[in-house]
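J.: Turn this into a model:
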Amino acid sequence: MKIVTTPMCEEIVRLAGIRDYAVNKFPQKSDGDLAILLSESKVEMDAVQIKINTSTQIFESIKEISSLAGNELDDEEILSYFDGYELCRKYLNSNFKRDVSVKVYSEFLRDIVSDVGFNISCDDFDYVIYPDYLKDKVAEMDNLVEIPSHNAISKNPFDKAELRYGILENLI
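T.: Numbers count the residues shown, from 1 in each chain. Below is the predicted model:
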């Protein structure tokens, strides 16, 4: 089976133990038999769509792709990839509850905000959290928190999550 992945998912594919794959930002049928890409991506070929915004999503994606590759990693093997990523470990399967209410302008940020334990509200909120690509669409003027999106950040999912968790932790 010929696998193609997007640049944003390449690290997950590599960690899952797949060694023979191609990378294409916009996979097509002619690139391979199976695409591994972000859940919001659309392709006209068989695909496994993953989420990698939170620690839990990263963990589950590595597990799913390693199983697909016939090289299913156990939990301890996957946890070893979290070494050196303090915030990713901290928020892996977290149940934090904070007394901070936020308005969120993006679905992908809702998962991250929930991991940190913030309350999501559209009416009474302390901060407005939005991805950089929606900066011009934010109606509020105060307590704005911009989070880097996919294009303005490392493709390494651990580095990406660490940065985003760090920004949100500064609000606590």
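J.: Now do the same contact list for the most centrally placed residue in the chain.
T.: Centroid check for the chain by C-alpha atoms, centre = their mean gives residue 53 as the closest residue, at 1.6 Å. With contact set as C-beta atoms under 8 Å, 6 or more residues apart in numbering, residue 53 has these partners: 108, 109, 111, 112, 160, 161, 164. Heads up, the C-betas are built off the backbone N, CA and C, glycines and all.
J.: Also residue 93?
T.: Residues in contact with residue 93 (C-beta under 8 Å, 6+ apart) are 55, 56.
J.: tell me the SS of it?
T.: At residue 93 the chain is in coil, as set by DSSP: H, G, I helix; E, B strand; the rest coil.
J.: For residue 59, see how far away it is.
T.: Noted for residue 93: a distance of 8 Å to residue 59, by C-beta to C-beta, to the nearest Å.
J.: of all the contacts of residue 53, which comes closest to residue 137?
T.: Closest approach to residue 137 among those (C-beta to C-beta): residue 109, at 13.5 Å.
J.: what's the pLDDT at the spatially closest residue to residue 108 that is not a sequence neighbour?
T.: In space, and not counting its chain neighbours, residue 108 is closest to residue 53: 5.2 Å by C-beta to C-beta, 6 or more residues apart in numbering. With respect to pLDDT, residue 53 has a value of 94.
J.: which element is residue 53 on?
T.: Under the criterion DSSP states H and E, no helix or strand holds residue 53.
J.: For the chain, which segments are assigned as helices?
T.: 10-15, 55-68, 75-80, 86-90, 107-116, 157-169 (DSSP state H).
J.: ok, the residue lying closest to residue 89 once chain neighbours are set aside - how many residues close by?
T.: Spatial nearest neighbour of residue 89, excluding adjacent residues (C-beta to C-beta, 6+ apart): residue 82 at 4.9 Å. Neighbour count of residue 82, defined by other C-beta atoms under 10 Å: 19.
J.: from memory residue 82 sits against residue 56, does it?
T.: No: judged on C-beta atoms under 8 Å, residue 82 makes no contact with residue 56 at a distance of 11.1 Å.
J.: Identify the contacts common to the two.
T.: residue 92.
J.: burial measure for residue 45, as a count.
T.: Residue 45: 14 neighbours (other C-beta under 10 Å).
J.: So for it, what's the pLDDT?
T.: In this model, residue 45 carries a pLDDT of 93.
J.: Next up, the contacts around it.
T.: Applying C-beta under 8 Å, 6+ apart, one finds that residue 45 lies in contact with 27, 28, 29, 31, 32, 33, 34, 35.
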